[in-house]
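> sequence and predicted structure, then a few things I'm wondering about:
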Amino acid sequence: MADAKRKPQSKSKSKTVAPTQSVPEAPVATPPATSERTPRDPMSPELRLRCNETVPDNYSTETLDHAIKAHLARLTLGITPYGLSSSFFNWWIHLAGSPGKQLRLVEKAGRKAARFATATSMHALNGSAAPCILPLDYDKRFDAPEWQRWPYNLLYQSFLLTQQWWYHATNNIDGMSRRDERVVSFAARQMLDMMSPSNGLWTNPEVIAHTAREGGVNLVRGVQNLIEDWERTMSGQPPVGAEDYQPGQEVAVTPGKVVWRSHLLELIQYAPQTETVAPEPILIVPAWIMKYYILDLSAHNSLVRYLVEQGFTVFMISWRNPDAGDRDLGMAEYLAAVDEALGVVNGIVPDTKVHGVGYCLGGTLLSAKAAQMARDGDDRLKTMSLFATQTDFEDPGELQLFISESQVSFLEHMMWDQGYLDTKQMAGAFQLLRSNDLIWSRYVHEYLMGRRQPMFDLMAWNADATRMPYKMHSEYLRHIFLNNELAQGQYEVDGKPVALSDIKVPVFCVSTTGDHVAPWQSVYKLHLLSDTDITFVLTSGGHNAGIVSEPGHKGRSYQIAHARDGDAYTPPEDWLAQTPMKDGSWWVDLVHWLQEQSGTATKPPKMGLAESRGLPSSDAPGTYVFQR
């Protein structure tokens, strides 16, 4: 966070004319820079320059490194084997130098063996025995009654004891960094999960019973499912059933018009559904890693539709799906695109401020833009709402296991080679974060049980990812994620650093209890970074499902509390304990909060710019959402 506050230098008024459509020519791509030591021998500047010159050579050693690492990255789905090897060696050498820790592990192994032997003997004598270890609350692999019968009860208990021992073996190692410990522990858990008895045809009693009932037909269906999935993956087709959720037909169906199109975005204005609307429009900045319509899914769970029905004028950015030609689009271009969208909104709804809304990475982008606007005296924002958005990346949860200097460098080689990060290369890391649910559970149900999991709108959207340009993703990973520059007041926009503490507009911040991408304790750090009123919401669900939480959704609950600028800081654990739980959807509170921040209702604005001749006027969801 910046040490000193900056005073606004000049106020910028809302513009009634949208920016012109122009696409800068992409500069020639350059490979990731490598550092070399400067020679210590005294030289003249001219001689030093001649000695440091790089002779163009298509077969240079640097090019060889790029090629090898780029191809290796494709095989490993972008996960670096070098960083993992370094972490495991670090763990091994520190464990080897800790005889006390080794002794404790031997003692733990002996106690676990004794517990298991006792449970085995009790079962042999009495025909039943209480489990010597129970799965964690979120582990549902061994819940079925079949797992409580011999020998499968002993099989899964032996596995859980082994898993618990390896957790102790990879944690609390003297001299190891917490990050390296978590990397090794995570990798060990992934390898153990792969060998879980629940994944075996002959070691899973549910599969055995199901196979006996169906006479093996389930295995035939499972092979057919496997072949079909393999063919779809190789041909780039979406998962089975996703074709039933097409944008503009089953999802992304809220009526609207594309009122602006540039190289990087389409701007959608949604048609009013009330006679009067709040005077301040809403501009939603979604994440560029996925298609925008998570906030406009089916008619019953569309946040866009809900806001429009409550009397708001809503605009949505639909990002372009970049290709190799967009490799040199950087964070600056994405920030400029947000400003471009604001200009169009100001042209359609002039002389009024805008409610900015950001989701996931779109919220991080909006936060950086809002900080820059506050620094430069640009007062076009009325409020800012952030959904599942991190602004401090010091502790981003298990996702940080995939982000290190080694990992970022490894990804850069692959992205430099192809010009972007592909959707499949991103999916690997996210699936590993929830491997039991996203990999092994699917393997058991679809390939061993032979039962297809039903497709639904959120699942179909999740399979509709976008690519990310080489330059932008490299800058994001290095500056915002790895170096945490935005939280420290060091991230530069237009050549000068921005500080989140400069943002003075009220903030509505939403996080979810089961978020593996943006843990709520990390999102909560916004209280430490900003000097403004914050309404913080913690809702049940995951990173996506917790945001798609429409009124009437069964099982949804949330906590909400308001913190005024100047209030004493409340630690997240205390906030959790003292904030009452509410049943239902947080969307209702969002609407109430927006209404409190808005002026007197007025007539809906016209659709599109007044000078719209030659500008796009296609119906929502536009064209960029269909790019593959």
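Yep, that arrived. As the structure is a prediction and not an experimental result, all values here were calculated from the model. Numbers count the residues shown, from 1 in each chain.
> show me the strands in the stretch 201-350 of the chain, by range?
Taking DSSP state E, counting those that start in this stretch as the test, the strands found in the stretch 201-350 of the chain are 256-261, 265-270, 282-285, 314-319.
> let me fix that: the chain
Under the criterion DSSP state E, the chain contains strands at 256-261, 265-270, 282-285, 314-319, 354-359, 381-387, 420-421, 468-469, 492-493, 496-497, 507-512, 534-539, 557-563, 581-583.
> hmm, back to that, pipe the strands of the stretch 201-350 of the chain into a markdown table and attach mean neighbour count per row.
In this view, the C-beta of every residue, glycine as well, is placed from N, C-alpha and C. As requested, the strands of the stretch 201-350 of the chain are exported to a markdown table (neighbours: other C-beta atoms under 10 Å):
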| stretch | mean neighbour count |
| --- | --- |
| strand 256-261 | 23 |
| strand 265-270 | 26 |
| strand 282-285 | 26 |
| strand 314-319 | 26 |
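> for Ala368, which of the ones you listed is the nearest?
Closest approach to Ala368 among these is made by strand 282-285 (10.8 Å; C-beta to C-beta).
> got any ranges where the stretch 501-628 of the chain has weak pLDDT?
Low-confidence segments of the stretch 501-628 of the chain, defined by pLDDT under 70: 610-617.
> circling back: dump the strands of the stretch 201-350 of the chain into TSV; add distance to Ser87 and mean pLDDT as well.
Output for the strands of the stretch 201-350 of the chain, formatted as TSV (distance: least, C-beta to C-beta, whole Å; pLDDT from 0 to 100):
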stretch	distance to Ser87	mean pLDDT
strand 256-261	46	94
strand 265-270	39	96
strand 282-285	35	98
strand 314-319	34	98
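> so where's the stretch 351-500 of the chain uncertain?
The stretch 351-500 of the chain contains residues with pLDDT under 70 at 397-401, 424-438.
> that one: helices as residue ranges?
Remark: helices assigned in the stretch 351-500 of the chain by DSSP state H, counting those that start in this stretch are 361-375, 405-418, 423-433, 435, 441-442, 457-462, 470-475.
> how about those helices in TSV, adding mean neighbour count?
Putting those into TSV (neighbours: other C-beta under 10 Å) gives the following:
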stretch	mean neighbour count
helix 361-375	25
helix 405-418	20
helix 423-433	17
helix 435	15
helix 441-442	17
helix 457-462	19
helix 470-475	23
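> need the contact list for the spatially closest residue to Glu228 that is not a sequence neighbour.
Among residues not flanking Glu228 along the chain, Val240 sits closest, at 6.5 Å (C-beta to C-beta, 6 or more residues apart in numbering). By C-beta atoms under 8 Å, 6 or more residues apart in numbering, Val240 lies in contact with Asn225, Glu228, Asp229, Arg232, Arg452, Met455.
> do the same with Leu458
Contact analysis of Leu458 by C-beta under 8 Å, 6+ apart lists Ile294, Leu297, Asn544, Ala545, Val548.
> and it, how far from Val357?
Distance of Leu458 to Val357, computed by C-beta to C-beta, to the nearest Å: 19 Å.
> and if you look at Lys369?
In this view, Lys369 and Val357 are 12 Å apart by C-beta to C-beta.
> now swap in Lys140 and tell me
Look at Lys140 and Val357: by C-beta to C-beta, they are 35 Å apart.
> of those two, who's got more company?
Ranked by neighbour count (other C-beta atoms under 10 Å), Lys140 and Val357 place Val357 first, with 27 against 13.
> closest to the centroid, which residue in this protein?
In the chain, the residue lying closest to the centroid (C-alpha atoms, centre = their mean) is Val517, at 4.7 Å.
> check contacts around the nearest residue to that residue once chain neighbours are set aside.
Using C-beta to C-beta, 6+ apart and skipping residues adjacent in sequence, the residue nearest Val517 is His543, 4.6 Å away. By C-beta under 8 Å, 6+ apart, the contact list for His543 reads Cys360, Ala388, Thr512, Gly514, Asp515, His516, Val517, Ala518.
> just the buried ones among the residues you listed, please.
Taking 16 or more other C-beta atoms under 10 Å as the criterion, what is buried in the contacts of His543 is Cys360, Ala388, Thr512, Asp515, Val517, Ala518.
> closest one of those to Gly256?
Cys360 (21.6 Å).
> how much space between that closest one and Phe393?
Cys360 is 13 Å from Phe393, by C-beta to C-beta.
> how about Gln418?
26 Å.
> on that earlier part again, take the strands of the stretch 201-350 of the chain and write them to TSV, including distance to Asp180.
Output for those, formatted as TSV (distance: least, C-beta to C-beta, whole Å):
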stretch	distance to Asp180
strand 256-261	47
strand 265-270	40
strand 282-285	35
strand 314-319	35
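> for Thr579, which of these is the nearest?
Among the strands of the stretch 201-350 of the chain, strand 282-285 sits nearest to Thr579 (C-beta to C-beta), with 26.2 Å.
> just checking the distance from that closest one to the centre of its chain.
With C-alpha atoms, centre = their mean, to the nearest Å as the basis, strand 282-285 stands 19 Å off its chain's centre.
> show residues contacting that strand.
Contacts to strand 282-285, defined as C-beta under 8 Å, 6+ apart, come from residues 292, 295, 304, 307, 312-317, 338, 341-342, 345, 354-359, 362-363, 365-366, 594.
> how about stretch 195-215?
Residues from elsewhere that reach stretch 195-215 (C-beta under 8 Å, 6+ apart): 141-142, 144, 146-147, 149, 152, 155-156, 159, 218-219, 440, 443-444, 448-450.
> I would like a PyMOL command selecting only the buried ones among those residues, please.
Only the buried entries of the contacts of stretch 195-215 go into this PyMOL selection, using 16+ other C-beta under 10 Å:
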select buried, resi 141+142+146+147+152+155+156+159+218+219+440+443+444+448+449+450
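> returning to that earlier point: Leu84: which of the contacts of His543 is nearest?
Using C-beta to C-beta, His516 is the member of the contacts of His543 that sits closest to Leu84, with 19.3 Å.
> quick one: that closest one from Gly542, how far?
Relative to Gly542, and taking C-beta to C-beta, His516 is found at 7 Å.
> would you confirm that Pro396 contacts Asn484?
No: taking contacts as C-beta atoms under 8 Å, Pro396 lies outside contact range of Asn484: 9.3 Å.
> just checking, Gly608 touches Val345?
No: contact criterion C-beta under 8 Å: Gly608 and Val345 do not qualify, at 11.3 Å.
> okay, these two: which has more neighbours?
Comparing Gly608 with Val345 by other C-beta under 10 Å, the one with more neighbours is Val345, at 27 against 19.
> that older thread, which of the strands of the chain sits closest to Asp326?
Relative to Asp326, the nearest member of the strands of the chain by C-beta to C-beta is strand 468-469, separated by 4.8 Å.
> tell me which strands the closest one pairs with, and in which orientation.
strand 420-421 (antiparallel) (DSSP bridges).
> what comes into contact with the partner strand?
Contact partners of strand 420-421, identified using C-beta under 8 Å, 6+ apart, comprise 78, 322-324, 326-327, 411, 414-415, 467-470, 473.
> hmm, try it at 7 Å
Contact partners of strand 420-421, identified using C-beta atoms under 7 Å, 6 or more residues apart in numbering, comprise Pro322, Asp323, Ala324, Arg327, Leu411, Met415, Arg467, Met468, Pro469, Tyr470, His473.
> Asp326 - how many residues pack around it?
Around Asp326 there are 22 residues (other C-beta under 10 Å).
> this completes my enquiry, with thanks.
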